[in-house]
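A.B. asks: Please work out how this folds:
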Amino acid sequence: MKKRVSLVVLVGCSSLFGLPSWLASQEPSTQSLLKETKSSLSDPASSRAGSNEAASTPSNDSEASLKAFIESKPKQTLKVVATSALTASGEPEFLREEFMPFDTVTQTLIVSNEGERTDRNQKPRVNSAIQQSIQHEINQWPLTENSPINHSVDITGLFEDPDDDLLTTQVAVNHPKFSVSNLGEKTSIQGTPKVGEAPTQLIARAKDNYHGSEENAWVTTRFSLPSISSGLEEDGLHPLIGDTWYRLETNHRFSGKTYNYEKVYCEAFKFINDEVFFASSNTLTTCPNEYELRRVGSYQVDGDTLIVSSTQSIFDNDMRWKILETYPSHPTFTTAHVTQVKMGNEYETYTVASKTQIEQRINTITGLEALQLTPVNYMYLANDGHYYLGWYGMQISNYQQSDPASPDRMDGDLNVQSYNTTVICEDLLDKFNHYSVGGQGVYGEIIGQTIGETYEPIECGEQPLGNLQYSYFDVDFLEFDEFKHGEVFSIILRPKLEWRHKVEEIKLNVRYLDPNS
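C.D. replies: The predicted structure follows:
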C-alpha cells in the first residue's frame with residue numbers, strides 16, 4: 001500500500017512540473033464546456049465529487065508515458081459568441097457559472113496559476129474590415145421623417161479574441177424612439193425617425209470572461225445612422241395621413257390555424273411620405289406595435305379618397321379609403337373615424353382609431369355575474385341617414401345565477417344602444433343578417449346558435465331605456481358546451497351587402513370569466 005501512495009505523489013508532481021507551456025493555457029473544447037456546464041448546473045456537488053474521485057485514482061502509467069500522452073493531445077480552440085440585448089439585466093446565467101473540470105485530462109489543464117493566465121490574456125479586438133463593411137451597409141438605409149424603419153445587420157466577426165475566449169456581445173441604440181432585437185444571427189433595428197432629434201448611433205460591444213464585469217472590461221465600437229430627410233409636405237391633404245390607425249378584421253384563419261368560426265383581431269396602417277405601412281396582430285387582445293409596421297405599398301390622394309396600392313400582394317386589389325363620419329369629441333377617447341374601404345367591387349366600413357380605443361373592443365369581459373358586459377363606443381346609423389354615438393357590448397353568462405328557473409344554463413346577448421336615439425329591432429334586422437359567436441371551450445370549439453334549427457331569422461329583442469329603447473341579439477349554446485375560464489370569444493354582427501358601404505360591421509372579443517374559478 002505504501003508503494004501505491006508514493007506512485008500517486010510521483011505522478012502528481014510530474015504532471016505539475018512536466019506540462020508543456022502551451023498545454024497550461026489550453027482552452028477546453030466547446031463540447032467539453034457544454035458538458036461541464038450542464039453537469040455543474042444540474043448537480044454541482046456530484047460533479048465536484050466525480051472530478052476529485054477521478055483525480056485521486058491511482059495510475060499504472062509511467063511518468064514518461066503520461067507526458068507523451070499529454071503532448072500528443074492536439075491543441076483545441078474555442079470561439080463561442082453569446083448575444084444579449086444591452087438593456088438586459090446582467091449576463092445570461094450560464095456565463096456566470098464557474099466552469100469546473102470534467103475529466104482528468106481537463107483537470108491537468110488548470111494547474112497553471114489563474115492570476116498569471118489573466119495577466120497574459122488580452123481583451124477582444126474590433127475587426128476593422130468588418131466594421132467598415134457594416135458602416136457602409138448602414139449608410140445605405142433610407143431614413144425619412146415619420147416613416148417607420150425595420151432594418152437588420154449581421155455583426156458576426158465584428159469582434160475577435162486573440163485568445164479565442166468565450167465572448168459576450170451586446171448591441172443597443174442610443175435613442176428612445178428606436179429599439180433593437182435579435183433575429184438569429186442578425187440584429188434588427190426598429191423605430192420612427194424624427195428630424196431635429198439627437199443623432200442616432202448603433203452601439204456594439206464585447207468582453208471575454210477574464211477581465212471582470214466592470215465597464216472597462218468591454219470593448220466598444222459605434223456606427224452612425226444616416227441623416228434623416230424631411231418628409232413630404234402633406235398637411236391637409238387627407239386626415240388619415242401621418243398617424244398610425246388601427247382597425248378590427250376577421251378571418252377563419254388566424255395565427256397559423258384554421259377555425260370553424262371567424263376570429264376577430266387587430267390591424268395597423270400608417271400612410272406617410274407616399275408609403276403605406278401595415279402590421280397584423282397574432283394575438284386576440286392586442287394591436288401591433290408601431291415598430292412592427294412594414295412597408296407594403298404606396299398611396300395617392302384623389303379628392304377625399306386615399307387610394308392604396310400594395311407592392312407585396314398583401315391585398316388583392318387597390319383599396320380606396322374614404323372617411324364617412326368623425327366621432328364627436330368625447331372625454332373617453334381621441335379622434336376616430338367611420339371609414340369606408342372599397343376593394344375591387346366590395347365594401348366594408350370600419351372604425352379607425354388609436355391603438356387604445358381599438359384594444360378596448362378586444363378586451364371586454366363577461367361571465368362573473370349574470371348579464372355582465374363591457375360597453376364600447378360605436379357610431380349607429382339611424383334610418384334618418386345620420387350617425388349617432390352609441391355603444392355595443394356582449395354578455396355571456398349563466399342565466400340560472402339570476403333566474404334559477406331559467407331553462408337555459410348558458411346564454412348570450414349582443415346589446416346595441418344609442419345615447420340619443422332609439423334603436424329598434426326592425427331597423428337592425430333591416431341592416432344586419434349575419435351573427436357569429438365563437439370561441440374555445442373545455443372540449444373543443446363552442447359556436448353560438450344565432451339562428452333557429454329551421455333557419456329562422458336572428459332573434460332580436462327590445463328593452464326600454466328611459467325615453468329611448470335599445471335592442472339585443474340573442475344567442476344560445478348547446479347543453480353540453482363547457483365554457484373554459486379565461487377563454488376569448490369573437491363576436492361579429494355583419495351587415496347585408498347593400499349596407500356594407502356605410503354600416504360598420506360590429507366586431508369585438510370578450511373574455512369569459514367563470515364565477516366559480
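A.B. asks: Quick one: the strands in the stretch 251-400 of the chain, in order.
C.D. replies: The residue ranges that make up the strands of the stretch 251-400 of the chain, judged by DSSP state E, counting those that start in this stretch, are 257-272, 275-280, 294-302, 305-310, 319-326, 337-343, 346-352, 364-366, 376-381, 387-398.
A.B. asks: So which other helices or strands are in contact with the fourth one?
C.D. replies: With contacts defined as 3 or more Cβ pairs under 8 Å, 6 or more residues apart in numbering; DSSP states H and E, the packing partners of strand 305-310 are strand 275-280, strand 294-302, strand 319-326. Heads up, the C-betas are built off the backbone N, CA and C, glycines and all.
A.B. asks: Recalculate using a threshold of 6 Å.
C.D. replies: When contacts are defined as 3 or more Cβ pairs under 6 Å, 6 or more residues apart in numbering; DSSP states H and E, strand 305-310 sits against strand 294-302, strand 319-326.
A.B. asks: Next, the buried residues of that strand.
C.D. replies: 305-306, 308, 310 (16 or more other Cβ atoms under 10 Å).
A.B. asks: Same check on the longest one?
C.D. replies: Under the neighbour-count criterion of 16+ other Cβ under 10 Å, strand 257-272 has 259, 261-272 buried.
A.B. asks: show me where pLDDT drops low in the stretch 201-350 of the chain?
C.D. replies: 231-236, 313-314, 316, 331-332 (pLDDT under 70).
A.B. asks: one more time with 90, if that's ok
C.D. replies: For the stretch 201-350 of the chain, applying pLDDT under 90 flags the ranges 201-202, 209-217, 224-237, 242, 273, 290-291, 310-318, 328-335, 344.
A.B. asks: ok, now the stretch 351-500 of the chain?
C.D. replies: Across the stretch 351-500 of the chain, the ranges flagged by pLDDT under 90 are 369-371, 383, 397-411, 420, 449-459, 465-466, 476-482.
A.B. asks: Just list whatever residues bridge to the residue nearest to residue 448 when sequence neighbours are not counted.
C.D. replies: Nearest non-adjacent residue to residue 448, counting by Cβ to Cβ, 6 or more residues apart in numbering: residue 437, 3.2 Å away. Legend: beta-bridge partners of residue 437 under DSSP bridges are residue 491.
A.B. asks: Tell me which residues touch residue 437, please.
C.D. replies: 448, 475, 491 (Cβ atoms under 6 Å, 6 or more residues apart in numbering).
A.B. asks: which ones are touching the last one?
C.D. replies: In this case it means residue 491. For residue 491, the contact set (Cβ under 6 Å, 6+ apart) comprises 394, 437, 508.
A.B. asks: Which of those residues sits closest to residue 245?
C.D. replies: For the contacts of residue 491, the minimum distance to residue 245 (Cβ to Cβ) is 18.1 Å, reached by residue 508.
A.B. asks: and residue 333, what are its bridge partners?
C.D. replies: Assessed by DSSP bridges, residue 333 has beta-bridge partners residue 330.
A.B. asks: quick one on the thing from earlier: turn the buried residues of strand 305-310 into JSON lines, including distance to residue 457.
C.D. replies: JSON lines is the format used below for the buried residues of strand 305-310 (distance: Cβ to Cβ, whole Å):
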{"residue": "305", "distance to residue 457": "35"}
{"residue": "306", "distance to residue 457": "37"}
{"residue": "308", "distance to residue 457": "36"}
{"residue": "310", "distance to residue 457": "38"}
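A.B. asks: any idea which of those is closest to residue 152?
C.D. replies: For the buried residues of strand 305-310, the nearest to residue 152 is residue 310 (22.3 Å; Cβ to Cβ).
A.B. asks: And for the residue nearest to that closest one when sequence neighbours are not counted, the neighbour number?
C.D. replies: Nearest residue to residue 310, sequence neighbours excluded (Cβ to Cβ, 6+ apart): residue 297, at 4.0 Å. Residues near residue 297, counting by other Cβ atoms under 10 Å, number 20.
A.B. asks: how about residue 297, what does it touch?
C.D. replies: Contacts for residue 297 (Cβ under 6 Å, 6+ apart) come out as 276, 309-311.
A.B. asks: run the last query once more with 8 Å
C.D. replies: Residue 297 makes contacts with 275-276, 308-312, 314-315, as judged by Cβ atoms under 8 Å, 6 or more residues apart in numbering.
A.B. asks: what does residue 492 give?
C.D. replies: 250, 262, 264, 434-436, 505-507.
A.B. asks: Format those residues as a markdown table; extra columns: distance to residue 333.
C.D. replies: As requested, the contacts of residue 492 are arranged in a markdown table below (distance: Cβ to Cβ, whole Å):
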| residue | distance to residue 333 |
| --- | --- |
| 250 | 22 |
| 262 | 26 |
| 264 | 19 |
| 434 | 27 |
| 435 | 26 |
| 436 | 26 |
| 505 | 19 |
| 506 | 17 |
| 507 | 17 |
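A.B. asks: Going by neighbour count, which of the residues you listed are buried?
C.D. replies: The neighbour count (16+ other Cβ under 10 Å) marks 250, 262, 264, 435-436, 505-507 as buried among the contacts of residue 492.
A.B. asks: right, and out of the residues you listed, which lies closest to residue 201?
C.D. replies: The closest of those to residue 201 turns out to be residue 264 (Cβ to Cβ; 41.4 Å).
A.B. asks: any idea how far residue 258 is from the closest residue to residue 482 other than its chain neighbours?
C.D. replies: Leaving out its chain neighbours, the residue that sits closest to residue 482 by Cβ to Cβ, 6+ apart is residue 442, at 3.9 Å. Separation of residue 442 from residue 258 (Cβ to Cβ, to the nearest Å): 21 Å.
A.B. asks: so residue 406, which of the three states?
C.D. replies: Recorded secondary structure, residue 406: coil (DSSP: H, G, I helix; E, B strand; the rest coil).
A.B. asks: Residue 272 against residue 241, yeah?
C.D. replies: Yes: if you go by Cβ atoms under 8 Å, residue 272 and residue 241 touch, sitting 6.6 Å apart.
A.B. asks: May I see the contacts of residue 491 arranged in JSON lines, with distance to residue 341 as well?
C.D. replies: Output for the contacts of residue 491, formatted as JSON lines (distance: Cβ to Cβ, whole Å):
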{"residue": "394", "distance to residue 341": "24"}
{"residue": "437", "distance to residue 341": "25"}
{"residue": "508", "distance to residue 341": "19"}
